[in-house]
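>>> Okay, here's the prediction I keep looking at, along with the sequence it came from:
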Amino acid sequence: MNPVKRLLTYRYAEIIHDLTHQFCLRYLRSLSHLSKRNVDQMIQAARSGKQNIVEGVGQSQTSKKGEIKLLGVAKASFEELGADFEDYLRQHQLLIYPKDHPKVTAWRQEAYRLSSLSNLSSLGHLREKPTLPDNPTDAANFLLTLCHIETYLLHRQIKAAEASFVRKGGYTENLFQKRIRRLKYLRSLK
């Protein structure tokens, strides 16, 4: 299994990507020609967030700076997507649930259960697939809740990567230090 699939941020990103696609097909595709661009952007923001996590974590061994930058891009994509769900709710005169709403609390618990490592198959796919609530208010609020969780988790992941960089340095910096030590060693042999 690809190690990135073990990351909580990746598992949430995958759920958000899949459910955003379902949401757009169900609630936005048939509205008007104007919504096509919005649909494309929402699906792209969900995909971009997920893919930037993969790319950022892939760079972590050789470029902490690249990892931090790409995780920041992922976070921005999910913030943009969350704003799109807020816009949908506002523009359709639907309620945006506060974070202490009982449904939001239940969705957080459901998301935690779905994103658990115990829900991953040996190939890294979710065994139990997330489902979108049956009405547009709940569906958009569920996805908005997931986007809030994801941006919080990415914020923490970025802070951890920054702290690691400060403690250990970057790849180029460490290679330079190894070279300096080698040169000192070679000089000491003379």
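Looks like it came in fine.
>>> the longest helix in this structure is where?
Looking across the chain with DSSP state H, the single longest helix is helix 136-168.
>>> For that one, enumerate the helices and strands it packs against.
Counting contacts by 3 or more C-beta pairs under 8 Å, 6 or more residues apart in numbering; DSSP states H and E, helix 136-168 is packed against helix 8-23, helix 64-91, helix 102-114. (C-beta placed from N, C-alpha, C; glycine too.)
>>> Could you check how far residue 74 is from residue 155?
Distance of residue 74 to residue 155, given as C-beta to C-beta, to the nearest Å: 11 Å.
>>> CA atoms only: put stretch 110-125 into PDB for me.
What follows is stretch 110-125 as a C-alpha-only set of coordinates in PDB (Å, rounded to 0.1, in the frame of the first residue of the first chain):
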ATOM      1  CA  GLU A 110     -18.900   9.400  11.100                       C
ATOM      2  CA  ALA A 111     -16.000  11.000   9.300                       C
ATOM      3  CA  TYR A 112     -13.600   9.800  12.000                       C
ATOM      4  CA  ARG A 113     -15.000   6.300  11.700                       C
ATOM      5  CA  LEU A 114     -14.800   6.200   7.900                       C
ATOM      6  CA  SER A 115     -11.200   7.600   7.900                       C
ATOM      7  CA  SER A 116     -10.000   5.100  10.400                       C
ATOM      8  CA  LEU A 117      -7.100   2.900   9.400                       C
ATOM      9  CA  SER A 118      -9.300   0.000  10.300                       C
ATOM     10  CA  ASN A 119     -11.500   1.000   7.300                       C
ATOM     11  CA  LEU A 120      -8.700   0.500   4.900                       C
ATOM     12  CA  SER A 121      -8.300  -2.700   2.800                       C
ATOM     13  CA  SER A 122      -4.800  -4.100   2.300                       C
ATOM     14  CA  LEU A 123      -4.700  -2.200  -1.000                       C
ATOM     15  CA  GLY A 124      -5.400   1.100   0.800                       C
ATOM     16  CA  HIS A 125      -9.000   1.500  -0.400                       C
END
